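Visitor: Predicted coordinates and the sequence they were generated for:
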Amino acid sequence: MNRFAHITGWGTSVPANVMTNADMANIIDTTDEWIRSRTGIAQRHIAEAGQSSASLGAEAALKALKVANKGPHDIDLIIVATSSPEHIFPSTASLVQDRIGATHAGAFDLSAACTGFIIAINMAAQAIRTGSIDTALVIGTETLSRLVDWEDRATCILFGDGAGAFVLQASQESGGVLSAVMRSDGSGGDLLSIPAGGSKLPTSAKTVQDRQHFIQMNGREVFRFATRVMAQATEDVVHKANFALSDINWVVPHQANLRIIETAAKRLKLPLERFVINLERYGNTSTASIPLATVEAVTDGRIQPGDRVVFVGFGAGLTWGAVAVQWTGPLPLDKPKVWPYRLHGLYRIYIKLRSWGLKVSRLIEGVVWGRRRS
Ligand code: UT7
């Protein structure tokens, strides 16, 4: 029996706090004109003190589950693609799992920089197709504002915070995720990196003084690489899915730079109107950029069920890739609507109490075990 992986739910979460190019010009030597003309970005959202990659990711996930009419207990697997995880470990995915009360889910983070969301969709789809799982939550979430060097005008103007999530579900109906392309070239690892804070260069007073725990980038090299791989990955993924470039209804590219997207469109000989672009309002939100753009296009009716959509991205690593999908939307209900009461504040209180309950029971267990040993 054939199994297909369909995207059946989607949601986003973006901090309310907006930083315009004019605000940026108040803290570094730049202008609105320079940023717009070189990147297409006009503003970005910046996380507030209480917000984090896990909190934004959890909010986006709850919205996606509501669209799919699934409860957190229905999820088998959570993959969080992120370039700004809360910690090296535990994974941000496990923290999201706890925050949404996904009691039956496995969870892990996927590190492939801005290409992460594309690879996460492919991993979830593979697990669904093999029959290993039925329902997956794929999240791209970022608080890159915490990792940019606010004294480096070449990078801090680019990035923004936000999260997007998809629910993927198994179905015997054909469609959903059709094909994928995943590529990497680690020889370009130094072109876009956070040099310190890992096992190679652990954080020290010197690394902090040298600002090596912030994002460092060779913008021109990354730009050249991006313009080359975006068109190639799109061609490859379309070929693998057995349709033609002209059959694509929508391309949702990684939202890094308008000029990169324009160059890709030209190389593919596709009109720019067929590209979903919203980077003007969000900047580069890394793994969150593709779901943020997709959800906008689905919500305003551009992307319709049955449409052929290509997600294509690139990023640090270097990494790049694409996924071709036939857009689905929510599957017919297999049980009564589960969400109206679950989204209620009471459910949120319940999952917080559940998390605290587990911590307390571990504490008690520790005391009991300690006594037994002595
Ligand atoms: O998810 C992947 C993330 N990375 C990317 O997508 C990055 C791809 N690269 C880019 O988007 C572009 O390379 C940038 C937007 C980062 C830079 O644009 P560029 O046209 O490549 O500029 P540049 O680095 O060649 O710099 C040109 C000039 C330099 O001045 P000089 O040396 O010509 O006098 C920079 O110092 O622009 C200067 N500059 C700025 N001026 C005003 C760099 N940043 C700024 C700024 N405001 N924010």
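Guide: Alright, I've got the coordinates.

Visitor: Quick check: residue 27 touching residue 152?
Guide: No - assessed by C-beta atoms under 8 Å, residue 27 is found out of contact with residue 152, at 11.6 Å. In this view, the C-beta of every residue, glycine as well, is placed from N, C-alpha and C.

Visitor: in the chain, which spans are helices?
Guide: Here the chain has its helices, by DSSP state H, at 21-27, 32-39, 53-68, 92-100, 116-129, 153-156, 205-209, 219-240, 258-268, 279-282, 289-299, 339-342, 345-373.

Visitor: before we move on, back to that, so residue 27 and residue 152 - more neighbours on which side?
Guide: Legend: neighbour count by other C-beta atoms under 10 Å for residue 27 and residue 152, higher for residue 152 (15 against 12).

Visitor: For the ligand, which of the helices of the chain is the nearest?
Guide: helix 219-240 (2.9 Å; C-beta to the nearest ligand atom).

Visitor: rewinding a little: want to try TSV for the helices of the chain, with distance to residue 322 as columns?
Guide: Formatted as TSV, the helices of the chain follow (distance: least, C-beta to C-beta, whole Å):
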stretch	distance to residue 322
helix 21-27	30
helix 32-39	22
helix 53-68	22
helix 92-100	23
helix 116-129	6
helix 153-156	25
helix 205-209	35
helix 219-240	4
helix 258-268	11
helix 279-282	18
helix 289-299	10
helix 339-342	32
helix 345-373	35
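
Visitor: Now do stretch 45-58: distance from first to last residue.
Guide: End-to-end distance for stretch 45-58, by C-alpha to C-alpha, to the nearest Å: 17 Å.

Visitor: got the buried residues for it?
Guide: 45-47, 51-58 (16 or more other C-beta atoms under 10 Å).

Visitor: what's the burial count for residue 89?
Guide: With other C-beta under 10 Å as criterion, residue 89 counts 9.

Visitor: That one and the ligand: what is the separation?
Guide: 24 Å (C-beta to the nearest ligand atom, to the nearest Å).

Visitor: Hmm, residue 272 and residue 262 touching each other?
Guide: Yes - Residue 262 lies in contact with residue 272 (C-beta under 8 Å); the separation is 6.4 Å.

Visitor: how about the residues of the stretch 251-374 of the chain near the ligand?
Guide: 256-257, 284, 315 (C-beta under 6 Å from any ligand atom).

Visitor: which two in those are spaced the farthest apart?
Guide: Largest separation among these by C-beta to C-beta: 257 and 315, giving 12.2 Å.

Visitor: Between these two, which is the more surrounded one?
Guide: Comparing residue 257 with residue 315 by other C-beta under 10 Å, the one with more neighbours is residue 315, at 26 against 23.

Visitor: residues in contact with that one?
Guide: 83, 112-116, 192, 254, 286 (C-beta atoms under 8 Å, 6 or more residues apart in numbering).

Visitor: mind giving me TSV with these and columns for pLDDT and neighbour count?
Guide: Shown next, in TSV, are these (pLDDT from 0 to 100; neighbours: other C-beta atoms under 10 Å):
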residue	pLDDT	neighbour count
83	98	27
112	98	23
113	98	21
114	98	29
115	98	32
116	98	32
192	98	24
254	98	29
286	98	32
